[in-house]
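*Asks:* no FASTA, just this:
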């Protein structure tokens with residue numbers, strides 16, 4: 001969608017015009033790959049993992065240095081019963097995993 005908008009011919013000057021020229025020369029597939037990689041890099045910087053176990057493991061070294069993290073789950077929109085059941089199981093597992101961590105107790 002973004003690359004399609006940039007490719008539209010326009011006589012814009014400046015950075016917008018330069019970007020349009022780059023996209024026209026490189027083509028949409030190259031731009032899509034570049035955008036995909038950029039999003040992954042940003043995600044890797046701010047998200048510790050795709051599962052609660054992965055997040056706890058990836059955050060272990062930083063926790064030793066005194067960092068703490070909020071654990072949240074993304075993409076939890078349930079549109080059908082199967083989605084709701086899968087998300088319920090994931091939340092249950094995450095809650096159990098976090099509770100077992102020494103940083104958390106019932107008061108928190």
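*Replies:* Perfect, I can see it now. Only a predicted model underlies this, so the values are computations on that prediction, with no experimental measurement involved.
*Asks:* nearest spatial neighbour of residue 90, skipping sequence neighbours?
*Replies:* Spatial nearest neighbour of residue 90, excluding adjacent residues (Cβ to Cβ, 6 or more residues apart in numbering): residue 73 at 6.6 Å. For every residue, glycine as well, the C-beta is placed using N, CA and C.
*Asks:* for that neighbour, the count of nearby residues, please.
*Replies:* 12 (other Cβ atoms under 10 Å).
*Asks:* same question for the one 3 residues further on.
*Replies:* The criterion is other Cβ under 10 Å. On that basis, residue 76 has 13 neighbouring residues.
*Asks:* measure it to residue 23 for me?
*Replies:* Going from residue 76 to residue 23 by Cβ to Cβ, to the nearest Å gives 34 Å.
*Asks:* circling back: what residues are up against the residue nearest to residue 90?
*Replies:* Counting by Cβ atoms under 8 Å, 6 or more residues apart in numbering, residue 73 touches 87, 90-91, 94.
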